[in-house]
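sequence? don't have it. structure:
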Ligand code: URA
């Protein structure tokens with residue numbers, strides 16, 4: 001019988017990233033166990049005995065889990081840190097808890113972004129098999145022709161691989177410049193690229209719904225904690241048994 005827990009699971013649960021991100025950290029040689037760098041995936045540790053560090057910092061299990069919904073403004077990087085010192089989503093949250101973004105929104109895209117330190121949930125939400133639905137409001141450079149709406153909804157080839165079917169509806173009765181697009185994949189700049197493949201330029205893009213969760217009164221730059229019902233829905237969607245963590249975050253000023 002195998003003992004202990006997987007290194008990537010332990011680190012992800014401490015709030016440093018999804019398991020996939022943690023695997024990258026391991027591959028980059030940033031993780032040590034008892035002072036020895038490990039680059040192999042699949043290693044197991046005993047959390048009671050082994051000392052794990054990432055970039056020299058000891059990894060500890062978080063005592064509480066937080067789930068934050070941010071209305072990301074345009075011009076902010078979806079990242080924990082930025083080598084060019086640009087403002088990140090973490091900077092604008094300004095909280096003590098160490099959280100990371102679940103997936104990403106482009107620099108120029110605004111709208112809903114989930115941030116958490118629950119690596120297990122984040123991992124499942126980001127995995128393609130979860131087919132988590134995301135809805136975007138796109139403002140196009142020219143009115144979308146009905147025949148193009150139908151073809152784009154059926155999926156298009158991007159970089160040699162077909163996108164899955166998606167839903168595209170017109171937002172307004174009298175204009176075909178504003179559309180709502182619902183996808184369940186997360187390919188790089190997917191919404192912009194599917195329109196570009198048919199000669200439309202996306203002038204503005206805003207994510208208006210994530211896994212059925214909507215912004216409510218959140219203005220760009222504002223955030224709130226997920227409520228219990230929203231969290232339970234995410235747990236159900238991903239097949240996790242129950243949300244065990246709190247949803248709250250500690251204000252930096254505390
Ligand atoms: N699709 C895009 O093109 N950009 C995003 O930020 C998200 C989805």
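Yes, it's here. Keep in mind that this is a model prediction, so the values were computed, not measured.

C-alpha only now, for contacts and for neighbours.
Noted.

Mind giving me the packing neighbours of the longest helix along the chain?
Ranked by number of residues, the top helix in the chain under DSSP state H is helix 228-238. When contacts are defined as 3 or more Cα pairs under 8 Å, 6 or more residues apart in numbering; DSSP states H and E, helix 228-238 packs onto helix 119-126.

Give me the sheet partners of the next helix-or-strand element following the helix it packs on and which way each runs.
For helix 119-126, the following helix or strand on the C-terminal side (DSSP states H and E) is strand 134-140. With DSSP bridges as the test, strand 134-140 is paired with strand 175-183 (antiparallel), strand 202-210 (antiparallel).

what sits up against the first one?
Contact partners of strand 175-183, identified using Cα atoms under 8 Å, 6 or more residues apart in numbering, comprise 133-145, 164-172, 191.

can you tell if it touches the ligand?
No - counting by Cα under 6 Å from any ligand atom, the ligand has no neighbours in strand 175-183; the shortest distance is 8.6 Å.

residues of that strand that come out buried?
For strand 175-183, a neighbour-count test (16 or more other Cα atoms under 10 Å) marks 176-183 as buried.

Same check on stretch 216-232?
Applying 16+ other Cα under 10 Å to stretch 216-232 flags 218, 221, 223-226, 230-232 as buried.

which one among those residues gets closest to the ligand?
Of all those, residue 221 has the smallest distance to the ligand: 15.8 Å, by Cα to the nearest ligand atom.

wait, doesn't the closest one sit right on residue 71?
Yes - Residue 221 is within contact range of residue 71, at 5.6 Å (criterion: Cα atoms under 8 Å).

Tabulate the buried residues of strand 175-183 (CSV), appending pLDDT and distance to residue 46.
Listed next are the buried residues of strand 175-183 as CSV, based on pLDDT from 0 to 100; distance: Cα to Cα, whole Å:
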residue, pLDDT, distance to residue 46
176, 96, 58
177, 97, 56
178, 98, 53
179, 98, 51
180, 98, 48
181, 98, 45
182, 98, 43
183, 97, 40
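
Now render these as a markdown table, adding distance to residue 88.
As requested, those are exported to a markdown table (distance: Cα to Cα, whole Å):
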| residue | distance to residue 88 |
| --- | --- |
| 176 | 33 |
| 177 | 30 |
| 178 | 28 |
| 179 | 28 |
| 180 | 26 |
| 181 | 26 |
| 182 | 26 |
| 183 | 25 |
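
Name the nearest of those residues relative to residue 81.
When those are ranked by distance to residue 81 (Cα to Cα), residue 183 comes first, at 27.5 Å.

May I ask which helix or strand encompasses residue 26?
helix 19-27.

Pull up the pairing partners for the next helix or strand after that helix, direction included.
Per DSSP H and E, the first helix or strand lying C-terminal to helix 19-27 is strand 31-33. Paired neighbours of strand 31-33 in the sheet (DSSP bridges): strand 36-37 (antiparallel), strand 52-54 (antiparallel).
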